[in-house]
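>>> The following comprises the amino acid sequence and a computationally predicted model.
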There are 2 protein chains.
Amino acid sequence: MSMQAEIIAVGTELLLGHTVNSDAAHVGRELSALGIDVLHSCVVGDNPGRLEEALREAFARSDLVITTGGLGPTEDDLTKETIAAVLEMPLEEDADSLARLKEYFGERRMGPNQYKQVLLPRGSQALPNRIGTAPGCYACRADGKAVAMLPGPPRELLPMLREQLVPILAARTQACICSHMVRTFAQGEGDAALRLAELTGLANPSTATYATDGEMFVRVTAKAASADAAEALAAPTLARVRELLGDVVYGVDVDNLESVVVPELARRGQTVATAESCTGGLLAASITDVPGSSAVFRTGVVTYANESKTRLLGVPEELLARVGAVSEEVARHMAAAVRERAGSHWGIGITGIAGPDGGTAEKPVGLVYIALAGADRTWLRVMRPQGRYMGRQWTRRRAVGHGLDMLRRALTGLEVELQASTRGRF
Amino acid sequence: MSMQAEIIAVGTELLLGHTVNSDAAHVGRELSALGIDVLHSCVVGDNPGRLEEALREAFARSDLVITTGGLGPTEDDLTKETIAAVLEMPLEEDADSLARLKEYFGERRMGPNQYKQVLLPRGSQALPNRIGTAPGCYACRADGKAVAMLPGPPRELLPMLREQLVPILAARTQACICSHMVRTFAQGEGDAALRLAELTGLANPSTATYATDGEMFVRVTAKAASADAAEALAAPTLARVRELLGDVVYGVDVDNLESVVVPELARRGQTVATAESCTGGLLAASITDVPGSSAVFRTGVVTYANESKTRLLGVPEELLARVGAVSEEVARHMAAAVRERAGSHWGIGITGIAGPDGGTAEKPVGLVYIALAGADRTWLRVMRPQGRYMGRQWTRRRAVGHGLDMLRRALTGLEVELQASTRGRF
């Protein structure tokens, strides 16, 4: 049975744009993985009248309504009260939720509004909150219309969604879907869409391309009667996507480059050290964002000033004076020196001009040199702004991506120094 | 004249949750700053039928509809075609947009679908795209109903929105609004809401509290006939918020702690150096994310492994063996050593267990020591998980926040070592 769902995010701060609605994305992703179609998603302010209107519209056309936000202790938090009224399920104290709330506060004072969080619609199932104070809940009426209420803070919503709501919904739906994300680096979306043209028109499996800042990815989705059948249906398309895109693909169903590079290093018992100038620690922070990275990363230096490059990495003052800190030579020296001093298998050096200031005609803002040093040689890539400076943050992230991509390619025996002209815009 | 607007975000990837709808937040923020009420915001997939339905509903109840996404070169990009049909404004080639597109591609091959991006509804005003290929546009019908179409990628949307659409809309609206954001660190939302109770019930100026991961902020908004009158109306409330919250307030209308700390250091001609273990470069990356940070930051080290702590910072092996790397003593040593070796005015040292693995009964996951070394003394804060581990990313970000907050407080002569018990949960 195919189920239709919609998402109602509650909170004036979402309409005003003070908060980004990442909750809807989390919910959409989990529902689509269950094969539940999400055809509507909207935002409603902290206004009971408009929330009621949105709820009535949603229940009229969908089987399942998921709300996010408005469960907290303040007077603005009116989601449960409004849903209880629309569904005619009066609010009642939930004993387990009350016990959890008391435990949460322990000896600290419980604020006057805290208690209302443990009032849930009669006959609903509480979804305990591992992180915060407001429990969620799931209620299914006799006519099969269901509603799930989740808290607004993503830290609270995510575990409740994945650990508690998804199993409940999985039991209700039959159609099985599988979905895989193919991730690439240094590949333009337009070019990828052309390469994948033979696939993007098909409905099942479907193939779609997405571009986010500096990366392009491809989603392959198949729907069938069982999970195995869906996987079997997706497999040839997935293989064809990899074949058409080639070795710019760095992984399938992975989060990012660092989550590929860290286990690749660990599998080989190898380590990497980092020496950063314009990225200022972002490369080290990306690597160490991966749990277990301590096995492959021991040392990083952020040599932002010239004297730090000389003191920590032995970059000769003469070289800095002659070719400048932002140069191929200095990037190569940084990579090789940090590798040697840290006693690691690999060293990555990054130096450039992240901007917005500090550029010259010869060395414009956005110019970055990225070097990777191994035992036998040092590779280099150059990011050139090509007339269009993409901003400080983009430049820093992209440079980090290049460093990780170079290491990935070196580890797996691929060509490391890609040419911008053949691989889309660097 | 009060204007009502709504936002329609177009893209199946938004419903599926592959992309987070940050565009709606950007648009909502700019519109509310213009005093334009946003009462509805929704997401529609790449489906012309449902987009048409959403457009007709929106035009029926609002004066202004802003769409995001669906302007690109692929076959899924149908926003303009659908709006042109609904508004009965046929698409025509826009000569300036075509010239810009040709310039963008230069000698590179233009894909077969690129041309359709320069077709705009007759009588509309093109909004050139500084970053990507798809221009936006603004169209106002004779009956005063207006529509603005913005591209989906935030990098493209943001400059177009701020530089081109906002001036157009500002000319149409009369009511002036001013809005200020008060940012705090180490202050719980519930506690803040209680402290601000005398203000949060008032409508103009309005005062609202928001909590995001690890921080709490307060928005004060006033509406009046002129910008000056709105500012004058907001001023006493803003002052009262600061008075009620005290020195946990680190800034008003600032982005984050680092964007306060970097100029504070620069103003004093002072510098900071960083020594990081569990945060793995995130503190250095945060500081260097601020343009101009090279004046105050020269050196950072990421001493993830014990031997790095000994080699780069001289932490005695005996100390590491006796008290462990995650200890008050090692944090203090790291801060003092990096300060001394970098020759900087301040040193920050962070060591802890970001998790999810590596904890023990005595030193649980989430335990982090943060030390700040100055000329005369070294201060320390401890993050204790209090039975609830908040995740690797939260723990790392929060530790970075503590390091920056300690430096901010030391620079401005405030007490540095806050107690968890009196200041909300660390």
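Perfect, I can see it now.

>>> was I right about A:Leu418 contacting A:Arg381?
Yes - with contacts counted by CB atoms under 8 Å, A:Leu418 reaches A:Arg381, the gap being 6.9 Å. Using the backbone N, CA and C atoms, a C-beta is placed for each residue, glycine as well.

>>> Of these two, give the one with the bigger neighbour count.
A:Arg381 (24 against 20; other CB atoms under 10 Å in any protein chain shown).

>>> Check which helix or strand A:Ser234 maps to.
No Ser there; residue A:234 is Ala. Element membership for A:Ala234, per DSSP states H and E: helix A:227-245.

>>> chain center to that helix, what's the gap?
Helix A:227-245 sits 23 Å away from the centroid of its parent chain (CA atoms, centre = their mean, to the nearest Å).

>>> quick check, it touching chain B?
No - using CB under 8 Å from any CB of the partner chain, helix A:227-245 stays clear of chain B, with a minimum separation of 15.4 Å.

>>> what's in contact with the helix or strand just after that helix?
Toward the C-terminus, helix A:227-245 is succeeded by strand A:249-252 as the next helix or strand (DSSP H and E). For strand A:249-252, the surrounding residues in contact (CB atoms under 8 Å, 6 or more residues apart in numbering or on different chains) are A:180-185, A:238, A:241-242, A:257, A:259-260, A:405, A:408.

>>> what comes up buried for strand A:249-252?
A:Val249, A:Tyr250, A:Gly251 (16 or more other CB atoms under 10 Å in any protein chain shown).

>>> From these, pick the one nearest chain B.
Using CB to the nearest CB, A:Gly251 is the member of the buried residues of strand A:249-252 that lies nearest chain B, at 15.9 Å.

>>> Point out the residues in the stretch 101-250 of chain A that sit beside chain B.
Contact residues, the stretch 101-250 of chain A versus chain B (CB under 8 Å from any CB): A:111, A:114, A:130-131, A:153-155, A:181, A:190, A:193-194, A:200, A:208-213, A:219.

>>> which among the residues you listed end up buried?
A:111, A:114, A:131, A:153-155, A:181, A:190, A:193, A:200, A:208-211, A:219.

>>> ok, so of those, who is nearest B:Gln164?
Checking those against B:Gln164 with CB to CB, the nearest one is A:Ala211 at 22.2 Å.

>>> how close does A:Leu101 sit to chain B?
Distance of A:Leu101 to chain B, computed by CB to the nearest CB, to the nearest Å: 12 Å.

>>> Find me whatever residue is spatially closest to A:Leu165, sequence neighbours aside.
For A:Leu165, ignoring the flanking residues on the chain, the nearest one in space by CB to CB, 6 or more residues apart in numbering or on different chains is A:Ala148 at 5.4 Å.

>>> Ok, A:Glu307 next?
B:Arg298 (6.9 Å).

>>> Kindly export the strand or helix carrying the one you found (C-alpha atoms) in CSV.
If you go by DSSP H and E, B:Arg298 is part of strand B:297-303. This file holds the C-alpha atoms of strand B:297-303, laid out as CSV (Å, rounded to 0.1, in the frame of the first residue of the first chain):
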residue,chain,number,x,y,z
PHE,B,297,46.3,34.5,14.5
ARG,B,298,49.7,33.2,13.4
THR,B,299,50.1,29.6,14.6
GLY,B,300,48.0,26.7,15.6
VAL,B,301,48.9,23.1,16.3
VAL,B,302,46.7,20.0,16.2
THR,B,303,48.4,17.6,18.6
